[in-house]
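J.: compute the structure for the input listed below.
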Amino acid sequence: MENCCTAVVTPMKNGKIDVDAFDRLIEFQVQNGVQDIVVNGTTGESPTTSDEEKANLIRHALDKKANVIAGCGTNSTEHSEHLTREAQALGSNRILLVDCYYNGPSSMELSREYYGYLCEKFPDLAFVAYVIPGRTGCELSVEDLVVLHNRYPNLDTVKEATGNLERMRKTRSLSNITIMSGDDDLTYNIMSDPAIGGKGVISVMSNIAPRAIQDFCKVVNNHELGAESLAKILSSLFSLVTVKLAGQKFRNPVPIKTAMAGLGMIAYDVRRPLGRMTKDATTHVRNMLRTIWQNSPSILEPIEKFYGVSIEDRLANDSYWPSY
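T.: Numbers count the residues shown, from 1 in each chain. Below you'll find the model as predicted:
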């Protein structure tokens, strides 16, 4: 894995998955240079989609010629095994496994009873370990990650969403495992630091800016001039993954779906208990997108071309921006 991989949202309408909008989103990604697609990740609302829905999304993404990284991580090894087997049968050859949430296994338990078990069960599949303690309440340690990678070469990538750059430097000092940023706003740090050697990002904001983020990652990986200035240009976009205002914290995928609905890419809908942002938070997202459009229109222009919308109109019209 390298460069930009998009963790796609799952478009919904009236509580049902909007398959047509999903197909269009995958086409938009592929046409704008991103073929590596995470389906059924955090951004795709995997905690509230059924196994049947997950399988259907994988099937549709594969039909659109995407390279699908199937999110199969849960807090049950047996359930993850079932999802992995289904993803493999559908044709996906890479699996994303998030650390087991809520039941809080130790790193040793994660290693032995989850990652190691699944890597051994499916030797022909490539696995990505997804370490995100802020959502899971547990964390696969660097030492256990390295041992797993050495024992099971098919666990060849880690999605790093710890925010801990020292941890990533330690990982690199002990292993050649591929490190992908799991935080859009840390992508430049993770990729440009030779002591980390990150290869790219599994991105949220590339749902709306695949071309810009793919180009940015290639510039960094190729050690070309201008990478830092591109990082600064994209920083406003990356800041929208999570929105904190007036004591409320709206986490992915609520802000990105708000942005996509406002820009005319999807209808706004999420599965409960997620809902809508406050008016102030929605205005913040809209204003940041206005600034991006004014200062760097090329970031959002592919949306106009593909979806046939006017960004100017979408940003100006209140009716496109749902909120509480």
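J.: which helix runs longest in the protein?
T.: Ranked by residue count and defined by DSSP state H, the top helix of the chain is helix 279-295.
J.: average pLDDT for that helix, rounded please.
T.: On average, the pLDDT along helix 279-295 is 97.
J.: what's next to that helix, contact-wise?
T.: With contacts defined as C-beta atoms under 8 Å, 6 or more residues apart in numbering, helix 279-295 is touched by 233, 236-237, 239-240, 243, 245-246, 248, 250, 255, 258-259, 262-263, 276-277, 299-300, 311-312, 315, 321-324. From N, CA and C alone the C-beta is placed, and that goes for glycine too.
J.: could you flag which of those are buried?
T.: Burial by neighbour count, 16 or more other C-beta atoms under 10 Å: within the contacts of helix 279-295 this picks out 233, 236-237, 239-240, 243, 250, 255, 258-259, 262-263, 276-277, 299-300, 311, 315, 321-323.
J.: and the strands in the stretch 1-150 of the chain, which stretches?
T.: 3-7, 12-13, 16-17, 36-39, 67-71, 94-98, 126-131 (DSSP state E, counting those that start in this stretch).
J.: partner strands of the second one and their direction?
T.: Strand 12-13 has the following sheet partners, assigned by DSSP bridges: strand 16-17 (antiparallel).
J.: the fourth one now?
T.: Here strand 36-39 is paired, per DSSP bridges, with strand 3-7 (parallel), strand 67-71 (parallel).
J.: Glu224: which element?
T.: Glu224 belongs to no helix or strand when assigned by DSSP states H and E.
J.: is it true that Phe306 touches Val30?
T.: No - contact between Phe306 and Val30 fails when scored by C-beta atoms under 8 Å: they sit 10.8 Å apart.
J.: before we move on, the earlier item: buried stuff in the longest helix of the chain?
T.: 281-282, 284-286, 288-289, 292-293.
J.: a markdown table for the residues you listed, including distance to Arg167?
T.: Below are the buried residues of helix 279-295 laid out as a markdown table (distance: C-beta to C-beta, whole Å):
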| residue | distance to Arg167 |
| --- | --- |
| Ala281 | 30 |
| Thr282 | 34 |
| His284 | 30 |
| Val285 | 30 |
| Arg286 | 35 |
| Met288 | 29 |
| Leu289 | 32 |
| Ile292 | 31 |
| Trp293 | 36 |
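J.: so who does Val220 touch?
T.: By C-beta under 8 Å, 6+ apart, Val220 lies in contact with 187-188, 191-192, 227.
J.: against Glu2, how distant is it?
T.: As judged by C-beta to C-beta, to the nearest Å, Val220 and Glu2 stand 10 Å apart.
J.: ok, Phe127 next?
T.: Separation of Phe127 from Glu2 (C-beta to C-beta): 17 Å.
J.: also Thr49?
T.: Per C-beta to C-beta, Thr49 is found 28 Å from Glu2.
J.: ok, Tyr268 next?
T.: Distance of Tyr268 to Glu2, given as C-beta to C-beta: 32 Å.
J.: more neighbours: those two, which one.
T.: Ranked by neighbour count (other C-beta atoms under 10 Å), Tyr268 and Glu2 place Tyr268 first, with 20 against 16.
J.: wait, that one touches Ile256, no?
T.: No - contact criterion C-beta under 8 Å: Tyr268 and Ile256 do not qualify, at 10.9 Å.
J.: give me the contact list for the host helix or strand of Ala261.
T.: Ala261 belongs to helix 254-262 when assigned by DSSP H and E. With C-beta under 8 Å, 6+ apart as the test, helix 254-262 has contacts from 9, 43, 204-205, 207-208, 240-243, 266-270, 274-277, 281-282, 285-286, 289, 314-315, 320-323.
J.: now, those that are in helices?
T.: 281-282, 285-286, 289, 314-315.
J.: next, give me the two most distant ones among the residues you listed.
T.: Based on C-beta to C-beta, the longest span within these runs between Ala281 and Arg314 and measures 17.8 Å.
J.: list the buried residues in stretch 47-62.
T.: Buried residues in stretch 47-62 (16+ other C-beta under 10 Å): 49, 53-62.
J.: among those, name the ones in helices.
T.: For the buried residues of stretch 47-62, the ones inside helices are 53-62, with DSSP H as the criterion.
J.: give the burial count for the closest residue in space to Ser175 that isn't next to it in sequence, as a bare number.
T.: Nearest non-adjacent residue to Ser175, counting by C-beta to C-beta, 6 or more residues apart in numbering: Val146, 4.5 Å away. Neighbour count of Val146, defined by other C-beta under 10 Å: 18.
J.: my guess is Val146 contacts Asn176, does it?
T.: No - using C-beta under 8 Å, Val146 is not in contact with Asn176; the gap is 9.9 Å.
J.: that older thread, can I get the strands paired with strand 36-39 in CSV including mean neighbour count and mean pLDDT?
T.: Output for the strands paired with strand 36-39, formatted as CSV (neighbours: other C-beta atoms under 10 Å; pLDDT from 0 to 100):
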stretch, mean neighbour count, mean pLDDT
strand 3-7, 28, 99
strand 67-71, 27, 98
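J.: could you check how far Thr84 is from Ser323?
T.: From Thr84 across to Ser323, the span is 38 Å (C-beta to C-beta).
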